[in-house]
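In: A structural model of the following input is requested.
(one chain, ligands or ions: 1)
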Amino acid sequence: MSAPASASPADSDLVRAARGLPVSRTPVWFMRQAGRSLPEYRELRAGTKMLDACQDPDLITEITLQPVRRHGVDAAIFFSDIVLPLVVAGVDIEIKPGIGPVIADPVRSVADVDALPDLDPAQLGFLETAVRRLVGELGATPLIGFAGAPFTLATYLIEGGPSKEHARTKAFMYAEPEAWSRLLQKLSVSSSTFLRTQVDAGASAVQLFDSWAGVLSAVDYAERVLPHSRAVFDGLGGRDVPRIHFGVGTGELLPLIGDAGADVVGVDWRLPLDEAARRVGPGRSLQGNLDPAVLLADRETVDREVRRVVEQGKAARGHVFNLGHGVLPDTDPGVLTHVTELVHELTSA
Ligand code: CP3
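Out: You can find the predicted model right below:
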């Protein structure tokens, strides 16, 4: 691991950039940095199902540390999955390799919503153990805890698995507004419990993933989704950790994504960061936004695009360098190490 720039995670460049405070250099981490781009991950995961790995503190700890050791990134992201709180509560979900979460009995009626089991915080002992162990191992490097936002979780529950249009989800939202609101409320409680447990065990920042919110109009997002995402953040009470809020294709929603309670708005690759900064307004930092596909291109292109993102990120109150979405499985991990080093070099005082 490279020498940390600060003595404590609470004073790390990640936390400082998230709060808009001066940094020693722009902090870098990558969504999906732990995972299939790393041979050491594939080796460790061999023979263990994804959702079993997510409940094993030894595996969680080792997989979370792998990209920090290898790339020298400025933060670890807790190895888990957005559907895990539902799985722990007893919902029958499997993560199919190359597909994603698949739900045995999708939520299609009001009765299905009411039958969803609640998450009992007492079931999260493994989570607390893993976070405590990780925080001990990470030293001054901050651990980012995360959860899925209610809307994105609802898309999986209603569609039964991954989908492009999320048409069933929207149809349910329009046809059954009360059940929709109850569903999102239940999901906000379980995501909030999941986040709170990670913060209480020592996570230094949190990210709420609303990956698929970009399929909504601003009006529907504001009225039918945002209050539930805000409830997840509100569930953190006075816990003093920066809050990152991310979705894909959210150019038209950016001011609202900030309003839900974020210190940092995550931006995908579609919008330059200087334009995103204008839309989000002065009180929040930005995270992003290199197109993950750029990492599959030649080195010259990678360097040019990294420089562009770093330059445009200067328009923000604070900038956390990241991709615009997760690392693609085919990415050469050496390129991730190179990008980390380049951002550090370009931004060191
Ligand atoms: O490095 C990290 O970011 C750590 C952990 C992490 C995973 N999932 C591990 C994982 C995080 C933060 C997530 C969040 C997640 N899970 C999101 C939000 C982020 C995003 O990408 O938008 C979503 C939508 C999910 C649901 C999900 N789980 C999908 C779409 C997939 C991919 C399916 C595939 O195989 O392509 C998963 C599985 C998953 N989650 C894997 C990993 C490492 C791959 C499973 C494996 O390695 O066998």
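
In: At the contact with the ligand, which residues of this structure appear?
Out: 31-36, 45, 50, 77, 79-82, 95, 97-101, 146, 152, 162, 209, 211, 326 (CB under 6 Å from any ligand atom). For every residue, glycine as well, the C-beta is placed using N, CA and C.

In: and residue 87, what is it in contact with?
Out: If you count contacts by CB atoms under 8 Å, 6 or more residues apart in numbering, residue 87 has them with 51, 54, 93.

In: any idea which of these is closest to residue 116?
Out: The closest of the contacts of residue 87 to residue 116 turns out to be residue 93 (CB to CB; 11.8 Å).

In: Tell me, what's the model's pLDDT at the closest one?
Out: You'll see residue 93 listed with a pLDDT of 98.

In: Residue 7 now?
Out: Residue 7 is given a pLDDT of 86.

In: Just confirm it contacts residue 140, I think it does.
Out: Yes: assessed by CB atoms under 8 Å, residue 7 is found in contact with residue 140 at 5.7 Å.

In: Phi first, then psi, for residue 265.
Out: phi -100, psi 130 (degrees, to the nearest 10).

In: which residues touch it?
Out: Residue 265 neighbours (CB under 8 Å, 6+ apart): 244, 245, 246, 254, 257, 258, 276, 280, 284, 285, 286, 287.

In: Helices - which of these land there?
Out: 254, 257, 258, 276, 280 (DSSP state H).

In: Please name the residues that touch residue 181.
Out: Residues in contact with residue 181 (CB under 8 Å, 6+ apart) are 224, 228.

In: Could you list the buried residues of the helix or strand hosting it?
Out: Here residue 181, judged by DSSP states H and E, is contained in helix 177-200. Buried residues in helix 177-200, counting neighbours by 16 or more other CB atoms under 10 Å, are found at 179-181, 183-184, 186-199.

In: for stretch 44-53, same thing?
Out: Residues 44, 45, 50, 51, 53 are the ones in stretch 44-53 that count as buried (16+ other CB under 10 Å).

In: The third one and residue 81 touch, don't they?
Out: Yep, that's residue 50 we're talking about. Yes: with contact defined as CB under 8 Å, residue 50 reaches residue 81; the gap is 6.9 Å.

In: all strands for the stretch 101-250 of the chain, in order.
Out: All strands of the stretch 101-250 of the chain, identified by DSSP state E, counting those that start in this stretch, fall at 143-148, 205-209, 243-246.
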